[in-house]
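*Asks:* This is a predicted model, with the sequence first.
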Amino acid sequence: MRSILVTGGAGFIGSHTCLELLKNGYYLIVIDSYINSSPKIVQRLNSLFSGSRQSFKEQFKLIKGDIRDKILLESIFKDAINNKMPIEAVIHFAGLKSVEESVFNPSLYWEVNVGGSITLLRIMEQYNCRNIVFSSSATIYNCNCKSPLSEECEIKPINTYGQTKAAVENLLFSLYKNKRMDWRIINLRYFNPVGAHSSGMIGEDPRGEINNLFPYLNRVASGAIKELRIFGNNWPTLDGTGVRDYIHIMDLANAHYLALKYLLKKKNSGFLSLNIGTGKGTSVLELIKTYEEVNSCKIPFIFVDRRPGDVAISFAKNNLATSTLGWKPKRDLSDICRDGWKWEKLNPNGYT
Ligand code: NAD
Ligand code: UD1
């Protein structure tokens, strides 16, 4: 069994990716501080995994800890070697992700997202583990670039969160350039990951104020929030509302599995940045319409002013991920709406 360290694996994208990797026979060591997640994810993954040949315990270990803790990281790598399961690759999700918070507390974002990544990368070097899949974001692209956005678009983030993602990509590139070291690196630049596993047992459990559209939509559908506020109806789009590339969380999880497989097969060093999106733009009104149709419900909404920092249209050119990894999104907007609502219905209070 191949041994993989997953940082931030208890979170939204991390937990779905863990499930995908468990089903594909990897041994996972997860480190998470639970700053934005819950240890209860373990029971959920355990029950989703039951029925497989391997026992869950033999394949999954969750450690509470912070990626900035050098001593803890060292002990994780050392223990893995002592257990004859040296860590072969890292999938690095751990980090903070609120754009708004990053603007108010930039030093925290640089410390966790960049500082934490530096600590992790130094320990990886020390223990000869030089395969990494990094969680990057489409938010790093120049917001004046025209969609579909290709990986060649200018990198010019406008907020601290995006700047920390671009900084880690830059650092990874410097490591790769030092050819004596043989790093194999893939940055996955996610568009808008949404939805949940089709069982409704794992999903997105946002803490504090909700900023993103899909979890907000779920709360309106459940009646917990009265109405959706749509940020602007005068964007230069077909119906005047913002257009984004919504990708089903399990398709995103599958992209991580394929990226990992690709890295582990590769003999030489390499550095790749891949857009992970469907390649299709959907407006806020289109998303609402599909959600209402699929879930037979009504989403009350009002139009309010545009949100500062928003762009009209953002969707991916995803050919590179398709040609390199053989990855293709298999689920559509209806699957997203159905699975996302199922999670909300079954877990109105998230994992608590
Ligand atoms: P999430 O908050 O659900 O998951 C991140 C996990 O990392 C959480 O479980 C959190 O507790 C943990 N964590 C945070 N700081 C940590 C630290 N210092 N040490 C250890 N664990 C820590 O977020 P997510 O949506 O699953 O995102 C995962 C990654 O993908 C993040 O790096 C995020 O920036 C990136 N990303 C997310 C999106 C999105 O829309 N969700 C888009 C682009 C990129
Ligand atoms: C936001 C972040 C982006 C981050 C991404 C994923 C901003 C400016 N951008 O992107 O950096 O990578 O989340 O975490 O915060 N909308 C409403 N009402 C709402 C919420 C959203 O109308 O209550 C609209 C937005 O204007 C947008 C669309 O819905 O047109 C999607 O919004 P959201 O889910 O926040 O994602 P992004 O704007 O793509």
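*Replies:* That came in fine, so what should we check first? What you are looking at is a predicted structure, and each value in this text was computed from that prediction instead of being measured. Residues are numbered from 1 along each chain as shown. Ligands and ions are numbered 1, 2, ... in the order given.
*Asks:* So which other helices or strands are in contact with the helix or strand containing Leu73?
*Replies:* Applying DSSP states H and E as the criterion places Leu73 in helix 70-82. The helices and strands touching helix 70-82, judged by 3 or more CB pairs under 8 Å, 6 or more residues apart in numbering; DSSP states H and E, are strand 3-7, strand 27-32, strand 87-92, helix 116-126. Any C-beta I mention is one placed from the backbone N, CA and C, and that applies to glycine too.
*Asks:* That helix and ligand 1, are they touching?
*Replies:* No - judged by CB under 6 Å from any ligand atom, helix 70-82 makes no contact with ligand 1; its nearest approach is 9.6 Å.
*Asks:* Lowest mean pLDDT among the helices and strands, pick that one out for the chain.
*Replies:* The helix or strand of the chain with the poorest confidence is helix 56-59; it has a mean of 88 (mean pLDDT, DSSP states H and E).
*Asks:* What is it packed up against?
*Replies:* Secondary elements touching helix 56-59 (3+ CB pairs under 8 Å, 6+ apart): strand 27-32, helix 41-49.
*Asks:* of all these, which gets the most neighbours per residue?
*Replies:* Burial of those is given as mean neighbour count (mean count of other CB atoms under 10 Å); strand 27-32 ranks first at a mean of 24.
*Asks:* Just want the angle from that strand to strand 87-92.
*Replies:* 40 degrees (axes from the mean of the first three to the mean of the last three CA atoms, to 10 degrees).
*Asks:* circling back: run the angle between the helix or strand following the least confident helix or strand of the chain and helix 70-82 for me.
*Replies:* Going down the chain from helix 56-59, the next helix or strand is strand 60-64, by DSSP H and E. Orientation check (the same axes, to 10 degrees): strand 60-64 against helix 70-82 gives 160 degrees.
*Asks:* mean confidence score for strand 60-64?
*Replies:* For strand 60-64, mean pLDDT is 96.
*Asks:* CA-only coordinates of that strand in CSV, if you can.
*Replies:* Taking C-alpha atoms only, strand 60-64 is exported to CSV below (Å, rounded to 0.1, in the frame of the first residue of the first chain):
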residue,chain,number,x,y,z
PHE,A,60,-6.6,5.6,7.7
LYS,A,61,-5.0,7.6,10.5
LEU,A,62,-6.1,11.1,11.6
ILE,A,63,-3.8,13.2,13.7
LYS,A,64,-4.8,16.4,15.3
